[in-house]
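Peer 1: Next one to model:
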Amino acid sequence: MLALAGCSAIVETRNDTRATAARDAYPPLGSFVMVDGRRVHYVQEGSGPDLVLLHGASGNLRDWTFDFVDRVKDRYRVTAFDRPGLGYTDGNPDYAGAFDARAEGPQAQARLLKAAASALGIDREIVLGHSYGGAVAMAWALDHDPAAAVIVSGATQPWPGGLGIMYTFTGTSLGGGLAVPLISAFVPKSLARRAIASVFAPQEPPPGYAEYVGAGLTLRPDSFRTNAQQVKSLRPELVRMSGRYPSLDLPLEIVHGTADDVVPLDIHSEKLAAQVPGAVLTRLDGIGHMPHHAAPEAVAAAIDRAAARAGLR
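Peer 2: Just a heads-up that it's a prediction; the model follows:
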């Protein structure tokens with residue numbers, strides 16, 4: 001018991017040290033708005049019609065501020081949010097600690113972030129979601145009446161098969177309580193770099209991206225656990241949501257790379273385009289999971305089309 005307590009203290013100390021280093025290296029870039037007692041972190045730049053950006057799994061709003069915000073802020077008021085429990089946006093305080101495997105799904109996340117957007121005076125917004133953020137953007141479209149939606153490599157459909165051992169185990173109460181602190185404490189930084197490279201494949205990350213995006217923020221135990229639980233619980237949420245997609249009546253632009261092995265085009269965006277009346281699907285030949293970095297002009301063009309279709313430009 002003494003040995004176990006000593007090991008636990010070592011893990012806790014190491015995680016505290018790593019979390020402090022991550023916060024020091026990657027402080028909040030923007031401001032905070034309070035929603036139901038929770039801090040929501042956002043960056044807002046530019047002027048024009050409102051454009052809301054939602055990041056994917058294992059990420060934070062730095063994925064957007066690396067350079068994409070600068071590409072569109074000349075014609076939109078751009079607001080990028082940290083999703084709940086990631087970056088610097090608070091998770092759900094009702095959840096009961098490390099062994100609680102519950103997660104806020106896309107609809108709960110959309111509800112919180114829409115409330116934050118409304119508190120900031122955002123109106124008739126174009127909501128854009130990448131990867132897991134695509135699911136949140138679709139929930140926003142279903143429940144909160146945006147002017148238009150843009151889905152980039154979005155996880156929008158229930159998929160066949162599983163998620164692999166990492167998400168399957170760390171998203172459980174036992175894995176979240178026991179495995180996550182160990183992984184957070186001892187995972188080498190080189191593994192985070194390899195994970196970033198695999199998400200960009202077959203392209204390479206832009207120079208400086210790995211140093212900028214703040215992977216250490218995701219490796220904090222609470223964020224690591226939250227991310228795993230959100231991903232593990234996503235499929236049943238999409239089963240329910242996808243049945244409602246044909247009822248949507250708004251401009252929907254979809255951008256997806258043909259070489260995306262993370263969220264495959266044929267499983268997700270092709271089905272989504274067939275379900276939503278008037279949806280426009282742009283296929284990017286040879287592009288992987290990160291079109292907003294690998295083909296940013298195509299993503300910006302989709303935003304402009306959505307704005308024009310919604311009568312915002």
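
Peer 1: where exactly do the helices run in the stretch 151-300 of the chain?
Peer 2: Ranges of helices within the stretch 151-300 of the chain are 165-170, 173-174, 180-186, 189-200, 209-213, 215-218, 221-232, 234-242, 269-275, 291-294, 296-309, based on DSSP state H, counting those that start in this stretch.

Peer 1: Give me whichever of those helices is most buried.
Peer 2: Mean neighbour count (mean count of other C-beta atoms under 10 Å) peaks for helix 221-232 among those, with a mean of 24. From N, CA and C alone the C-beta is placed, and that goes for glycine too.

Peer 1: which strands and helices sit next to that helix?
Peer 2: helix 165-170, helix 180-186, helix 215-218 (3 or more C-beta pairs under 8 Å, 6 or more residues apart in numbering; DSSP states H and E).

Peer 1: how far is the last one from where the chain is centred?
Peer 2: Right, helix 215-218. Remark: helix 215-218 is offset 13 Å from the chain centroid, using C-alpha atoms, centre = their mean, to the nearest Å.

Peer 1: how about low-confidence regions in the stretch 151-300 of the chain?
Peer 2: Residue ranges of the stretch 151-300 of the chain with pLDDT under 70: 162-181, 185-186.

Peer 1: Would you check how far apart Leu284 and Gly91 are?
Peer 2: 33 Å (C-beta to C-beta, to the nearest Å).

Peer 1: what sits against the residue nearest to Gly208 when sequence neighbours are not counted?
Peer 2: Excluding the flanking residues, the one nearest Gly208 by C-beta to C-beta, 6 or more residues apart in numbering is Phe66, at 8.0 Å. With contacts defined as C-beta atoms under 8 Å, 6 or more residues apart in numbering, the neighbours of Phe66 are Pro206, Gly208, Tyr209, Tyr212, Val213, His293.

Peer 1: Tell me the pLDDT of Phe66.
Peer 2: With respect to pLDDT, Phe66 scores 98.

Peer 1: Repeat that for the one 4 residues further on.
Peer 2: Among the per-residue scores, Asp70 holds a pLDDT of 98.

Peer 1: Look up how far Pro296 lies from it.
Peer 2: Separation of Asp70 from Pro296 (C-beta to C-beta): 10 Å.

Peer 1: do Ala307 as well
Peer 2: Distance from Ala307 to Pro296, by C-beta to C-beta: 16 Å.

Peer 1: Near the closest residue to Gly216 other than its chain neighbours, how many other residues are there?
Peer 2: Closest residue to Gly216 apart from its sequence neighbours, by C-beta to C-beta, 6+ apart: Ala22 at 3.3 Å. Neighbourhood size, Ala22 [other C-beta atoms under 10 Å]: 18.

Peer 1: Show the average pLDDT along the helix or strand Ala22 falls within.
Peer 2: Assigned by DSSP states H and E, Ala22 falls within helix 2-25. Throughout helix 2-25, pLDDT has a mean value of 72.

Peer 1: got the contact list for the spatially most central residue of the chain?
Peer 2: The residue lying closest to the centre of the chain (C-alpha atoms, centre = their mean) is Gly56, at 2.3 Å. Going by C-beta under 8 Å, 6+ apart, Gly56 touches Asp63, His130, Ser131, Tyr132, Gly133, Gly134, Ser153.

Peer 1: swap the cut-off to 10 Å and go again
Peer 2: Contacts for Gly56 (C-beta atoms under 10 Å, 6 or more residues apart in numbering) come out as 63, 83, 86, 129-136, 152-155, 199, 227, 231, 262-263, 289-290.

Peer 1: So which of these are in strands?
Peer 2: Gly129, His130, Val152 (DSSP state E).

Peer 1: ok, the second one to Leu53 distance?
Peer 2: Look at His130 and Leu53: by C-beta to C-beta, they are 8 Å apart.

Peer 1: sorry, back to before: how about the secondary structure of the residue nearest to the centre of the chain?
Peer 2: With DSSP: H, G, I helix; E, B strand; the rest coil as the basis, the three-state label of Gly56 is coil.

Peer 1: Quick check: it vs Ala137, distance?
Peer 2: According to C-beta to C-beta, Gly56 stands 11 Å off from Ala137.

Peer 1: Could you name every residue contacting both of the two?
Peer 2: Here Gly56 and Ala137 have Gly129, His130, Val152, Gly154 as joint contacts, going by C-beta under 10 Å, 6+ apart.

Peer 1: got a list of what the closest residue to Leu281 other than its chain neighbours touches?
Peer 2: Distances taken as C-beta to C-beta, 6+ apart place Ala273 nearest to Leu281, at 3.9 Å, with adjacent residues excluded. Residues in contact with Ala273 (C-beta under 10 Å, 6+ apart) are Ile151, Thr156, Leu252, Glu253, Ile254, His256, Leu265, Ala279, Val280, Leu281, Thr282, Arg283.
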